[in-house]
Structure formats: structure tokens, C-alpha cells
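Asker: Need a 3D model of the following:
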Amino acid sequence: MPLAPLLMLSCAWGGPSRANVALRPRPPARQAVGALLVCGVEVPNARESPASRALAAKAWPAEFPYSASDLTPLDAGKDELFYLLPRFVQHAAVEARDELGRFYSCALPPPGEGDVLDLCSSWTSHYPAGYEARRCVVLGLNPFELLANACRTEMRVQNLNADPKLPYADGSFDCVTLSLSVDYMTRPLELFGEIHRVLRPGGLACMAFTNRCFQSKVVRRWLAPFDNVAHVELVGAYFAFSAPWAANAA
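Answerer: Now for the predicted structure:
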């Protein structure tokens, strides 16, 4: 039986803290569902779950609790070869994509305002239809996919596992998004430190992930255990041990 569509979000403010939210397909109208406040963003049609509460009272150890082996994929071949051919396909169920678009409509700067960086981007950033930022940099591995991204004002081809250093000045962006790819990051603490650096004070970093993946390319820890709470805790640890984030939630 296929897994039900599920979208997880992990967000953090640039500055010192932590946060995460489970979004599921829109329920029948008779089922009352409110909104959750995640890092100051009111998320419509969201509901609490064990995963959304995973970081609420999380006590982190003194040192990063994951090993280099935990962050190594089964297929250690070059990412550039794996992503050489463009894939103009969707990597999440339609319900999850719709919910992610609704979340971004709340989290992104107003249309025409603000500067946005979309990491591990492709032909779609999963932003609301027609959304245009003042500046939208899409960074990913496949140039053909990036060229097809309607949101972009700039593009950059870069393998963040080989080089997590972001080529942007401190405080360049109001929002950084990383959709459906945080599970593939093998140097997450370096990358999240860079995300923190390029965000403006009060800027928002948003990580979105689902229960779908290329099993050979995600880091080993993502697969064992393959559990929503464990995934939230893993991404939460990336925030907690990378930089002085102001808030971290799910």
C-alpha cells in the first residue's frame, strides 16, 4: 500500500532558536482544522501531530549526535552524474505540493518584495502559481531544469554536497527554501551555517520534505529509522548544531 501523502516542514528564524509542522491533505469540511503558528508564520490547514511536537521540548546533547556514516548515502557516486539528465517530473504527491504552495504563500515575502534563495532547486520551486520575488536565486544541479524555473531571476549550478559554501554576501536574503532535498545533504552543518549567514536578521529558512525519496541517494540516517519524528529530529539537529538560530520549529 502506498504511503499517504505527507509533507513535513522545518523552519527557523535567522538569529538564536528552533520549529516543525505536519501538513496533510485538506480534510473534509466537517472536520475543524485551525492554523498553527510556526516561527511567526500562521500555517493554514495544519494540525498538530507527534512530528510537529518533536522539537517542542527537545533537549539536545552537548555534541552533534550523528556520525559521518549516518550522513553518507548508499550510492556515494557523483551527484552530478546522478542528476545529469533533467527530470521534468514531480517528486511529491499533488496534495503535498498543494499544501507546500499554501505554506509558501504565507512564508515568502509579498510578491514583488524581498529576496529569496531556493536551494536544490529544479524546474519548480513549489512556490504559489505566479509568485515573483524582487530577487529569486535558484541553485541546483541541473542547468536545464533551472532554466525552466518560472520563478527565477538568477540561477547557479552547484553541488552543495561537494561545496556547501554559498557565493552570496552576508545578509543577502529574506527567505531561504530547500524543498524535498534536505534528506540528500551530506554536509548539513556547513550548509545550514551558510544559510544562516546569508539570511538577513529575522529571515526565515524553510525545509520541506516528504515520505518519498531516492533511497540510494538519501543519507543513511534518513532510512533508519524511516519515521516522521526521526526525520524532524534530524533536520532539527541540523539547525541546532549549525548556527545560533533564533527559533527552530516543525
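
Asker: For residue 218, which non-adjacent residue is spatially closest?
Answerer: In space, and not counting its chain neighbours, residue 218 is closest to residue 183: 4.4 Å by C-beta to C-beta, 6 or more residues apart in numbering. For glycine as for every other residue, the C-beta is placed from the backbone atoms N, C-alpha and C.

Asker: Can you tell me the SS state at that neighbour?
Answerer: In three-state terms, and counting by DSSP: H, G, I helix; E, B strand; the rest coil, residue 183 is helix.

Asker: Can you show me the strands along the chain?
Answerer: Assigned by DSSP state E, the strands in the chain fall at 7-13, 17-23, 35-38, 41-44, 115-119, 135-140, 154-157, 173-179, 199-210, 246-249.

Asker: ok, of these, where does mean pLDDT dip lowest?
Answerer: Mean pLDDT per stretch puts strand 17-23 lowest among the strands of the chain, at a mean of 34.

Asker: give me every residue that touches the residue nearest to residue 218.
Answerer: Residues near residue 183 by C-beta atoms under 8 Å, 6 or more residues apart in numbering: 209, 213, 218, 219, 222, 231.

Asker: Any idea which residue is closest to the centre of the chain?
Answerer: residue 207 (1.9 Å; C-alpha atoms, centre = their mean).

Asker: which strand residues sit across from it in the sheet?
Answerer: When assigned by DSSP bridges, residue 207 has beta-bridge partners residue 10, residue 178.

Asker: Kindly report the same for residue 73.
Answerer: residue 219.

Asker: Correct me if wrong: it contacts residue 219.
Answerer: Yes - the criterion here is C-beta atoms under 8 Å, and residue 73 meets it with residue 219 at 5.8 Å.

Asker: Find residues that contact each of these two.
Answerer: Common neighbours of residue 73 and residue 219 (C-beta under 8 Å, 6+ apart) are 184, 186.

Asker: picking that back up, shouldn't the residue nearest to the centre of the chain be in contact with residue 234?
Answerer: No - counting by C-beta under 8 Å, residue 207 stays clear of residue 234, with 10.3 Å between them.

Asker: Just name the shakiest helix or strand of this structure by mean pLDDT.
Answerer: None of the helices or strands of the chain scores lower by mean pLDDT, DSSP states H and E than strand 17-23, at a mean of 34.

Asker: Lowest pLDDT pick from the contacts of residue 183?
Answerer: Within the contacts of residue 183, pLDDT is lowest for residue 213, at 82.

Asker: Now that one: closest residue in space, sequence neighbours ignored.
Answerer: residue 183 (5.6 Å).
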